[in-house]
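*Asks:* coordinates only, sequence not included:
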């Protein structure tokens, strides 16, 4: 994990965490390094977790080399398609980002999504309420950058202790999601499961 006192982290905090969303509202500020509610520290931890899980999934499932993917929103399943097998995993939606509108929408605030796909984002909202973090409890955030949307999804990943992160490419809003246990189905129909844990 990054050293919270390093120059890189201090610079990151000054540039990224001093940013604003909307009219003069601070996205999030650095608190003391011992504070477990410090979103800047949670963001750094989330980045480490995403890097670890991505490396593990690539090594064990080859997800990064899939020929294509399919997302079934009704079933809440993400499928990676390879030449000789498929890999499937259940998903949770954190939120979505619209580049054209420069806005973020938390999944918990998106009534168009099935309730079963909003469970993780509701966990994030509950944590935000308990720790007075408005950026996690405001359903739609306007005047928001793509970089800030990645930061929010990364924080959500860390807060929910997810084990898989996916940013679904799209012609419309970019959807950020987590995924669970991956089931690999071979061309002969045999199945195996891959569970990833992060320390």
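*Replies:* Right, received. Where do you want to start? All values reported here derive from a predicted model rather than from experimental measurement. Residues are numbered from 1 along each chain as shown.
*Asks:* burial of residue 159, as a residue count?
*Replies:* Number of residues near residue 159 (other CB atoms under 10 Å) recorded here: 24. Yep, even glycine has a C-beta here, placed from its N, CA and C like the rest.
*Asks:* element containing the most centrally placed residue in the chain, please.
*Replies:* The chain has residue 153 as the residue nearest its centroid, 3.5 Å off, counting by CA atoms, centre = their mean. Secondary structure from DSSP states H and E places residue 153 in helix 146-159.
*Asks:* look up how far residue 48 lies from residue 56.
*Replies:* 13 Å (CB to CB, to the nearest Å).
*Asks:* and for residue 159?
*Replies:* Residue 159 is 14 Å from residue 48, by CB to CB.
*Asks:* what do you get for residue 62?
*Replies:* 22 Å.
*Asks:* the longest strand anywhere in the chain: what's the following helix or strand?
*Replies:* Assignment by DSSP state E gives strand 85-98 as the longest strand of the chain. Moving toward the C-terminus from strand 85-98, the next helix or strand (DSSP H and E) is strand 103-106.
*Asks:* which other helices and strands does that next one contact?
*Replies:* Under the contact criterion of 3 or more CB pairs under 8 Å, 6 or more residues apart in numbering; DSSP states H and E, strand 103-106 touches strand 85-98, helix 119-130, strand 140-141, helix 146-159.
*Asks:* out of those, which comes closest to residue 108?
*Replies:* helix 119-130 (4.2 Å; CB to CB).
*Asks:* check which element follows that closest one along the chain.
*Replies:* Following helix 119-130 in sequence, per DSSP H and E, is helix 134-137.
*Asks:* what would the helices and strands packed on strand 103-106 look like in JSON lines with mean pLDDT and distance to residue 38?
*Replies:* Listed next are the helices and strands packed on strand 103-106 as JSON lines, based on pLDDT from 0 to 100; distance: least, CB to CB, whole Å:
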{"stretch": "strand 85-98", "mean pLDDT": "96", "distance to residue 38": "20"}
{"stretch": "helix 119-130", "mean pLDDT": "97", "distance to residue 38": "13"}
{"stretch": "strand 140-141", "mean pLDDT": "96", "distance to residue 38": "20"}
{"stretch": "helix 146-159", "mean pLDDT": "96", "distance to residue 38": "11"}
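*Asks:* sounds good, over and out.
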